[in-house]
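**Student:** Just need the structure, nothing else, for what follows:
(2 chains)
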Amino acid sequence: MNSAPDLMRADALSTHFAMRQGLGDRLRQRGAGLVRAVDRVDLRVASGEIVGLVGESGCGKTTLGRTILGLLPAAEGTLTFDGVDITRAGRGEWRALRRRMQMIFQDPYASLSPRMRVSALLEEPYRIHDVPPAERYAVHELLEMVGLSSEQAEKYPHELSGGQARRIGIARTLALRPEFIVADEPTSGLDVSAAAAILNLIQDLRRQHGLAFLVITHNVNTLAFLADRVAVMYLGRVVESGTTADVLERPSHPYTRSLLAAVPDIEPDGVDVERAALIEGEIPSPLDPPSGCRFRTRCPHARPGICEASPTLAEVAPGHAIACIRWPEVRDDEAWAQSGV
Amino acid sequence: MSRGLLRVEHLEVRYRTAGADLPVLRDVSLHIDAGEIVGVVGESGCGKSTLSSAILRLLPPNGAIAGGAIHLGDRELTSLPAEEMRRLRGPEIAMVFQDPLSSLNPVFTVWTQIRDAVRAHASRGAFDARGLRTRTAATLTELGIPDAERRLDDYPHQFSGGMRQRIVIAMALLLEPQLLIADEPTSALDATMQAQIVSILARLRRERDMAIMFVTHDLALVSHLCDRVVVMYTGVVVEEGPVARVFRDPIHPYTRALLASIPSRHEHVERLATIPGSVPSLSDLPAGCPFADRCSAVRATCRSSVPAVRQQDGRLVRCFAGDPSSPYASEPPEVAVGTAP
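**Tutor:** Numbering: from 1, shown residues only, chains lettered A, B, ... in the order given. Here you go, the predicted model:
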């Protein structure tokens, strides 16, 4: 357990998207649908901590990251940053907050204007936030922080490799000296060695500058290297959270176990992929999620009449929590104990 | 000629581009036996997708096979007339690509497309649409598509990505090919869906003795599924051998560096290894070994001559290190260019 005070804290945070009211809805005299993309999520990140948020597409992990940064409005719950409730912060307050909370976007080329040189791209945050010169980093300092030479300053984005463009994106977030960064799939689309360099860079930034990160990813193995704590999301809810060692080495929620079994790690002896603990079917539509436990339609441990109730996160060990109503039975299930991950 | 359903020998492929003639594949040799799954791995630009296109003779108009041979059974594909090659695609070599949407026509139902594809390859008068529909529904059911008989009349957009990939695989299987070329077939899918598709491929190999060439950038996935692995770098094969040997004890410095840069759940490291520098451009390849500029074991010989493929420890390696007959053995190491893997 990390005893440092929380820098960012989400309590029962929800994000809803209203669907357009279609003709069918109108004929049946019913309102437009509501997607509960993030549904009462608790999450905290301490200063200098790296927390990983993992899940498959549609689980709400990116939506949660954007809500935490105020890019999407929170429907319910509270958001606290550095002890201050910012849930209902106005535009002006968010403007000030954004200097302290930044985001590394998934597609670096999409976030870099093709007509600006790297030097101008790195100074853009200063112009937007009207930062006095004394508080600015020089372009070469920013480039150095992300491991690039100052020759890169004169280049345009299309002249950069994927890994370099990603570094420029990171340098832009660092320009404002933030305390907290949300990194959404920071290595997507990169080759393995370029990805490794970005993961090393995130570790370095935490160690050298005490930055806190929320790293959003679908790759559990990345978090094994990077994260202090991990939260696993499924259909808008956190189903398991704990230290990285707890979640990855002693996964307890049936979904986490299935996910870990599905994400391959290097196994020189091979794996019986036909018999690997697979879950059937697909993630249900977030428009019409199952009632109660959202994983129950695919869970080998689900029992009718029991799992229709909503589980809440409860500790199975100190600091290690899962949301599963049948936990004691699941734990004692013999076949379960033997199905190694 | 019992060894090798597919035998690629000294294959050379060149792409003509404005002002340059790029050697995209150089001296590529590999073989795949019936019932064998061979992984072809490497980072972007290594030529792995060009290799699958060349085998299928589906290179883009500016690409051409400039040398070598491709044998499928007792036929040589590079000299086959285009019409014969067309008839061979499907019934003998089938293919599954990364994006199933681009392999399916959005304006026709799944059934129409499968029927037309199979009919195009059936001999005159031998086509039985009703029988095919029954077989198609059975195959789709086998691949985990619920309610397959009814869903045959749906359009591609009514299926999820994972379901579309199953449809493409089913379409390939109905022609009962001996060899399936799967180029990043699961890269667009979530982990649990990827695991389901991989399990299907493993079962097809076992039940139908089908050979599979599995092209991917995901080394972990290769270690789970494949029997042998071919590692490519800038258009050459640098190491080839059984998965267990290559992954446990990689010989080529590139394979070693690649494996060391992948974060793993089993092994906790402070820093991930990275490969210094970047992949050289095909229009400006080094005179000697293409990996020399980034290699931690580089010596003078590597700069001047291109290493030949040689046998070592039950596999094929293209590297001077470990070859006692090479001048490399008596040369002093160069000053390290980067972190040793």
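
**Student:** which residues sit in contact with residue 250?
**Tutor:** All of this is about chain A. Residues in contact with residue A:250 (Cβ atoms under 8 Å, 6 or more residues apart in numbering or on different chains) are A:317, A:320. Every C-beta, even on glycine, is put in place using the N, C-alpha and C of the backbone.

**Student:** look at chain B instead
**Tutor:** Neighbour list for residue B:250: B:239, B:256, B:258-259 [criterion: Cβ under 8 Å, 6+ apart].

**Student:** any chance of those residues in JSON lines, with neighbour count, secondary structure and pLDDT too?
**Tutor:** Shown next, in JSON lines, are those (neighbours: other Cβ atoms under 10 Å in any protein chain shown; DSSP: H, G, I helix; E, B strand; the rest coil; pLDDT from 0 to 100):
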{"residue": "B:239", "neighbour count": "27", "secondary structure": "strand", "pLDDT": "98"}
{"residue": "B:256", "neighbour count": "20", "secondary structure": "helix", "pLDDT": "96"}
{"residue": "B:258", "neighbour count": "27", "secondary structure": "helix", "pLDDT": "94"}
{"residue": "B:259", "neighbour count": "22", "secondary structure": "helix", "pLDDT": "94"}
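
**Student:** and the strand or helix carrying residue B:137, which residues are buried?
**Tutor:** If you go by DSSP states H and E, residue B:137 is part of helix B:129-142. Residues of helix B:129-142 classed as buried: B:132, B:135-137, B:139-140, B:142 (neighbour count, 16 or more other Cβ atoms under 10 Å in any protein chain shown).

**Student:** picking that back up, among the contacts of residue B:250, which are within reach of chain A?
**Tutor:** When contact is defined as Cβ under 8 Å from any Cβ of the partner chain, the contacts of residue B:250 meet chain A at B:258-259.

**Student:** that older thread, which elements pack onto the helix holding residue B:137?
**Tutor:** helix B:110-121, helix B:148-151, helix B:161-174 (3 or more Cβ pairs under 8 Å, 6 or more residues apart in numbering or on different chains; DSSP states H and E).

**Student:** now for those helices, which one comes closest to residue A:48?
**Tutor:** Closest to residue A:48 of the helices and strands packed on helix B:129-142 is helix B:161-174 (Cβ to Cβ; 38.0 Å).

**Student:** What lies in contact with that closest one?
**Tutor:** By Cβ under 8 Å, 6+ apart, the list of residues contacting helix B:161-174 reads A:282, B:90, B:94-97, B:100-101, B:103-104, B:110, B:113-114, B:117-118, B:132, B:135-136, B:139-140, B:143-145, B:156, B:159, B:180, B:185-186, B:188-190, B:193, B:196-197, B:200-201, B:204, B:208.

**Student:** What residues of stretch B:174-186 count as buried?
**Tutor:** In stretch B:174-186, counting by 16+ other Cβ under 10 Å, buried: B:174-175, B:177-186.

**Student:** Likewise for stretch B:239-256?
**Tutor:** So for stretch B:239-256, counting by 16+ other Cβ under 10 Å, buried means B:239-247, B:250-256.

**Student:** distance between the ends of it?
**Tutor:** Start to finish, the residues bounding stretch B:239-256 are 10 Å apart (Cα to Cα, to the nearest Å).

**Student:** How far off centre is that stretch?
**Tutor:** 17 Å (Cα atoms, centre = their mean, to the nearest Å).

**Student:** ok, now stretch A:241-253?
**Tutor:** Chain-centre distance of stretch A:241-253: 16 Å, with Cα atoms, centre = their mean.

**Student:** which parts of that stretch are buried?
**Tutor:** Those would be A:241-244, A:246-248, A:251-253, for stretch A:241-253 by 16+ other Cβ under 10 Å.

**Student:** go on, stretch A:280-287?
**Tutor:** Quick answer for stretch A:280-287 (16+ other Cβ under 10 Å): A:282-284, A:286.

**Student:** got the CA positions of stretch B:184-204 in PDB?
**Tutor:** Presented in PDB, the C-alpha positions along stretch B:184-204 are these (Å, rounded to 0.1, in the frame of the first residue of the first chain):
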ATOM      1  CA  GLU B 184      -1.400 -10.200 -38.400                       C
ATOM      2  CA  PRO B 185      -4.800 -11.900 -38.100                       C
ATOM      3  CA  THR B 186      -5.400 -10.900 -34.500                       C
ATOM      4  CA  SER B 187      -3.700  -7.500 -34.300                       C
ATOM      5  CA  ALA B 188      -6.900  -5.500 -34.500                       C
ATOM      6  CA  LEU B 189      -8.600  -7.700 -31.900                       C
ATOM      7  CA  ASP B 190      -8.800  -7.500 -28.100                       C
ATOM      8  CA  ALA B 191      -6.800 -10.000 -26.000                       C
ATOM      9  CA  THR B 192      -9.700 -12.400 -25.200                       C
ATOM     10  CA  MET B 193     -10.800 -12.400 -28.900                       C
ATOM     11  CA  GLN B 194      -7.300 -12.900 -30.000                       C
ATOM     12  CA  ALA B 195      -7.000 -15.900 -27.700                       C
ATOM     13  CA  GLN B 196     -10.100 -17.400 -29.200                       C
ATOM     14  CA  ILE B 197      -8.900 -17.000 -32.800                       C
ATOM     15  CA  VAL B 198      -5.400 -18.400 -31.900                       C
ATOM     16  CA  SER B 199      -7.100 -21.400 -30.300                       C
ATOM     17  CA  ILE B 200      -9.100 -22.000 -33.500                       C
ATOM     18  CA  LEU B 201      -5.900 -21.900 -35.600                       C
ATOM     19  CA  ALA B 202      -4.200 -24.400 -33.300                       C
ATOM     20  CA  ARG B 203      -7.300 -26.700 -33.500                       C
ATOM     21  CA  LEU B 204      -7.400 -26.500 -37.300                       C
END
